[in-house]
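In: Starting from these lines, generate the structure:
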Amino acid sequence: MSKKAIVTGGSRGIGRGIAFKLAEAGYDVAISYATASASADAVKEKIEKEYGQRCFVYQVDLTDPDNAQPFIRRAIRDLGGLDLLVNNAGLTIEGSIADMPVDKVDKLINLDFKAYIHNMQAASRYMVSRGIKGSIINITSSRGERAYPGDTVYGAVKAALNRAIQSIALDLAPYGVRVNNVAPGATQVRSKEEMKAAIKEWADLGIDVSEMGDDPFGELGERIPLGRIGTPEDIGNAIVFLASEKASYITGITLRVDGGLILSGEPERAPWPRYETTYDMNWGHMPPRDADLRSTYLYVGSYTFPNKQGEKAEGIYVYDFDRNSGRIELLQTVSDTPNPSYLTISEDKMHLYAVSEGRESSVSSYRIDPETGKLTFENKVGTAGTAMCHVVPSRDSNAVYTSMYGSGHIVAVSVNEDGTLGKVLTTIAHEGKGTDPRRQEAQHAHSVTVSPDGKYAFACDLGMDKIMIYKILEDGSLIPNDVPYTEIGGGEGPRHMEFHPNGNWLYLVTEMGAKVIFLTYDPETGSLSEKQRIATLPEGYDKPNTAADIHLTKDGSMLYMSNRGKDELVAFKVGEDGMLEKLVSFPSVGGFPRSFALSPDDRFIAVANQNGTLNILSRDPVTGVGKALFEEKIPACVCVKFFRA
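Out: Have a look, this model is predicted:
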């Protein structure tokens with residue numbers, strides 16, 4: 001399978017050379033451009049015809065911040081993933097600092113520094129969330145190391161990137177994501193014919209070109225120690241190397257590709273007059289800077305009707321989470337959605353979706369401010385069915401899937417390019433019942449889990465004792481699978497599931513039977529095969545209890561589930577063959593642990609206890625035991641999600 005790369009400003013010059021070299025190395029490539037449509041189309045045609053790789057081309061006005069996120073999302077969706085981001089699009093402005101207009105300074109900084117930072121954030125979020133050990137490479141300049149007259153701002157920005165990627169590399173190294181720069185020196189971004197045309201254009205504009213000569217690039221090349229000017233292909237070769245396994249131990253460096261230009265102190269003396277130019281023309285603002293990867297927040301959902309004590313929750317609670325101590329601090333409460341009993345975060349980490357559980361069902365969208373973690377209501381969509389209790393996004397973020405416990409409906413709702421909710425795509429009404437006349441008198445859809453490859457949706461129906469299986473179509477809608485369901489049976493009441501990081505193992509918690517069932521997934525047919533059914537309660541335990549939530553550690557070595565009634569979390573060791581071995585159980589501290597979540601680094605467990613507390617526990621990575629640290633009172637606290645920007 002081909003690797004996937006995004007190259008900004010890939011229609012001309014250095015970006016074009018990079019795109020061609022990546023295609024030659026077997027990458028599918030997505031390129032952006034601002035105005036050079038003919039050049040972009042030519043790049044696409046050559047990549048597809050000569051290299052046999054896919055190429056996607058997008059005209060994007062990145063001066064509009066609202067265009068950035070949809071572009072990245074669409075490129076990843078079209079490519080089917082992302083292994084490499086190359087930040088190449090940029091702007092060159094030369095001139096004395098005394099004469100340079102402020103708007104020109106801002107324009108250069110916005111594109112040549114801010115845009116690179118924002119793109120790195122977006123790419124790293126995707127890679128980290130998917131466990132992709134990818135690569136991020138920025139095109140900077142040898143001018144970031146050596147000063148030249150007239151490039152105060154340009155040189156300073158490139159120097160800043162050289163320094164910035166050292167810290168970024170440290171931030172991302174634990175996730176296996178490598179970050180490097182390539183710093184070209186003088187590079188021939190135009191052919192001789194294109195250069196002659198440019199000289200004529202400059203002359204027509206009244207620019208003095210008398211000292212440029214017939215072959216300015218050739219004249220400059222003679223002064224470079226290696227005896228020639230650089231080419232876009234030279235830069236492309238460096239990119240291919242740094243993105244390859246051969247460079248898998250290299251991160252945080254700036255690789256100078258300049259033929260030795262600045263070793264001897266030789267001034268570059270660019271072969272064009274000093275004025276504002278753009279390279280690859282894909283320039284402009286990016287969205288406001290997002291939070292550092294170290295910023296962590298907690299979102300807590302609740303029931304907003306009064307409890308037996310007359311206490312009433314406010315809706316969604318937003319907390320700042322100290323990843324060192326586990327302490328939390330309330331930042332915001334959001335009351336737009338009644339009974340937001342289940343929350344989920346979009347794949348791109350830009351939106352939160354919340355159900356409204358009641359007689360009338362709806363799902364709401366909120367934009368996440370990555371700087372602060374705070375939420376802004378966007379819109380909501382009503383659906384068929386009653387008691388909506390679960391929502392999950394599709395893998396490519398073009399739909400969400402909701403489950404209605406009361407009526408047994410599964411509903412697919414489209415997601416617009418801006419992340420807001422669109423229209424109802426599919427409504428499926430389950431029909432059936434199980435063996436328990438009280439709890440399984442009819443269908444009760446409880447959750448949907450999407451396969452890691454995004455091909456199938458698995459719907460747990462507690463009332464029917466089945467996992468219903470649906471194919472996911474390109475637009476996000478659902479149709480019944482050829483293998484329509486997996487029978488669980490036994491009055492178990494399937495509730496929630498989670499895939500192992502390897503993408504092949506699936507673990508189900510049954511609400512009524514309080515068991516964990518290990519299943520294997522066949523990506524060709526969508527079928528599930530049961531391998532193990534293990535009890536979570538002690539033998540002979542006969543007090544009221546219902547199981548609730550289930551999660552795995554990031555490395556998949558341990559699994560946790562919660563029991564309501566016995567009020568505990570149970571930890572299991574996951575064997576090399578996927579089989580489970582019970583390790584330990586420990587108190588959930590509060591009562592009726594309906595939901596819990598492991599922190600992004602697996603050092604803490606946050607437990608939403610429906611009896612009225614949010615509890616933070618430390619987690620021992622060896623024994624699996626959680627120990628109480630902090631408690632926050634929230635009436636009818638029923639869902640908790642960690643968020644790291």
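In: Tabulate the CA atom coordinates of stretch 390-402 in PDB.
Out: In PDB, the C-alpha atoms belonging to stretch 390-402 read as follows (Å, rounded to 0.1, in the frame of the first residue of the first chain):
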ATOM      1  CA  HIS A 390     -24.400   7.000  22.500                       C
ATOM      2  CA  VAL A 391     -22.700   8.800  19.600                       C
ATOM      3  CA  VAL A 392     -19.400   8.000  17.800                       C
ATOM      4  CA  PRO A 393     -17.800   9.600  14.700                       C
ATOM      5  CA  SER A 394     -16.900   7.800  11.500                       C
ATOM      6  CA  ARG A 395     -13.100   7.300  10.900                       C
ATOM      7  CA  ASP A 396     -13.000   9.900   8.100                       C
ATOM      8  CA  SER A 397     -15.200  12.400  10.100                       C
ATOM      9  CA  ASN A 398     -18.000  12.600   7.500                       C
ATOM     10  CA  ALA A 399     -20.700  11.200   9.800                       C
ATOM     11  CA  VAL A 400     -21.600  10.400  13.400                       C
ATOM     12  CA  TYR A 401     -23.600   7.300  14.500                       C
ATOM     13  CA  THR A 402     -26.100   7.600  17.300                       C
END
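In: The residue lying closest to residue 116 once chain neighbours are set aside and residue 2, how far apart?
Out: Nearest non-adjacent residue to residue 116, counting by C-beta to C-beta, 6 or more residues apart in numbering: residue 87, 4.5 Å away. Using the backbone N, CA and C atoms, a C-beta is placed for each residue, glycine as well. Going from residue 87 to residue 2 by C-beta to C-beta, to the nearest Å gives 21 Å.
In: between the two, which one's more packed in?
Out: residue 87 (25 against 17; other C-beta atoms under 10 Å).
In: what pairs with the more buried one across the strands?
Out: Bridge pairing for residue 87 (DSSP bridges) gives the partners residue 138.
In: in the stretch 151-300 of the chain, which spans are helices?
Out: Remark: helices assigned in the stretch 151-300 of the chain by DSSP state H, counting those that start in this stretch are 152-172, 192-204, 216-221, 232-243.
In: Of those helices, which is nearest residue 627?
Out: Evaluated over those, closeness to residue 627 peaks at helix 152-172, with 28.5 Å, by C-beta to C-beta.
In: Tell me which residues are up against that closest one.
Out: Contacts to helix 152-172, defined as C-beta atoms under 8 Å, 6 or more residues apart in numbering, come from residues 92-94, 96-97, 100, 105, 108-109, 112-113, 116-117, 120, 124, 127-128, 136, 138, 140-141, 143-148, 178-181, 183, 251-252, 254, 292-294.
In: Please type out the PyMOL selection for whichever of those turn out to be buried.
Out: Under the burial definition 16 or more other C-beta atoms under 10 Å, those of those that qualify are selected in PyMOL by:
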select buried, resi 92+93+94+100+108+109+112+113+116+117+120+124+127+128+136+138+140+141+143+144+145+146+148+178+179+180+181+183+251+252+254+293
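In: Please list the members of the contacts of helix 152-172 that lie in strands.
Out: Of the contacts of helix 152-172, the ones assigned to strands by DSSP state E are 92, 136, 138, 178-181, 183, 254.
In: related to what we said a few turns ago, of all the helices of the stretch 151-300 of the chain, which one comes closest to residue 337?
Out: Checking the helices of the stretch 151-300 of the chain against residue 337 by C-beta to C-beta gives helix 152-172 as the closest, at 33.5 Å.
In: Show me which residues of the closest one are buried.
Out: 152-162, 164-165, 168-169, 171-172.
In: for it, the distance to its chain's centre please.
Out: 23 Å (C-alpha atoms, centre = their mean, to the nearest Å).
In: Stretch 3-20 too?
Out: Averaged C-alpha coordinates place stretch 3-20 at 22 Å from its chain's average position (C-alpha atoms, centre = their mean).
In: For it, give the distance from the opening residue to the closing one.
Out: Terminal residues of stretch 3-20 lie 14 Å apart, using C-alpha to C-alpha, to the nearest Å.
In: ok, and for that stretch, which residues are buried?
Out: 3-20.
In: Check stretch 482-501 too.
Out: 485-486, 488, 492-501.
In: out of everything not next to it in sequence, what's closest to residue 380?
Out: Nearest one to residue 380, counting by C-beta to C-beta, 6+ apart, is residue 364 at 4.0 Å.
In: Check the secondary structure at the one you found for me.
Out: strand (DSSP: H, G, I helix; E, B strand; the rest coil).
In: wait, isn't the residue nearest to residue 116 in contact with residue 139?
Out: Yes. Residue 87 lies in contact with residue 139 (C-beta atoms under 8 Å); the separation is 6.5 Å.
In: what is the mean pLDDT for stretch 615-625?
Out: Average pLDDT, stretch 615-625: 95.
In: Tell me the buried residues in that stretch?
Out: For stretch 615-625, the neighbour count (16+ other C-beta under 10 Å) marks 615-619, 624-625 as buried.
In: coming back round to it: so which of the buried residues of stretch 3-20 are in helices?
Out: 13-20 (DSSP state H).
In: could you redo the residues you listed as JSON lines and give each row distance to residue 556 and pLDDT?
Out: Shown next, in JSON lines, are these (distance: C-beta to C-beta, whole Å; pLDDT from 0 to 100):
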{"residue": "13", "distance to residue 556": "44", "pLDDT": "88"}
{"residue": "14", "distance to residue 556": "41", "pLDDT": "92"}
{"residue": "15", "distance to residue 556": "39", "pLDDT": "92"}
{"residue": "16", "distance to residue 556": "41", "pLDDT": "93"}
{"residue": "17", "distance to residue 556": "41", "pLDDT": "94"}
{"residue": "18", "distance to residue 556": "36", "pLDDT": "96"}
{"residue": "19", "distance to residue 556": "36", "pLDDT": "96"}
{"residue": "20", "distance to residue 556": "39", "pLDDT": "96"}
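In: Which of the residues you listed sits closest to residue 326?
Out: Of those, the one sitting nearest to residue 326 (C-beta to C-beta) turns out to be residue 18, at 43.9 Å.
In: who's in contact with that closest one?
Out: Residue 18 sits in contact with 7, 10, 86, 88, 139, 232, 235-236, 239, where contact means C-beta under 8 Å, 6+ apart.
In: Distance check, it against residue 233.
Out: 9 Å.
In: can you tell me how far the residue lying closest to residue 554 once chain neighbours are set aside sits from residue 126?
Out: Distance criterion C-beta to C-beta, 6+ apart; nearest residue to residue 554, sequence neighbours excluded, is residue 602 at 5.7 Å. Residue 602 sits 20 Å away from residue 126, going by C-beta to C-beta.
In: The two: which has the busier surroundings?
Out: residue 126 (20 against 15).
In: What pLDDT does the model give residue 369?
Out: 90.
In: does it really touch residue 376, like I thought?
Out: Yes. The pair residue 369 / residue 376 is scored as a contact, 7.0 Å apart, by C-beta under 8 Å.
In: With neighbour numbers in mind, choose between the two.
Out: residue 369 (18 against 13).
In: Many thanks, I have nothing further to ask.
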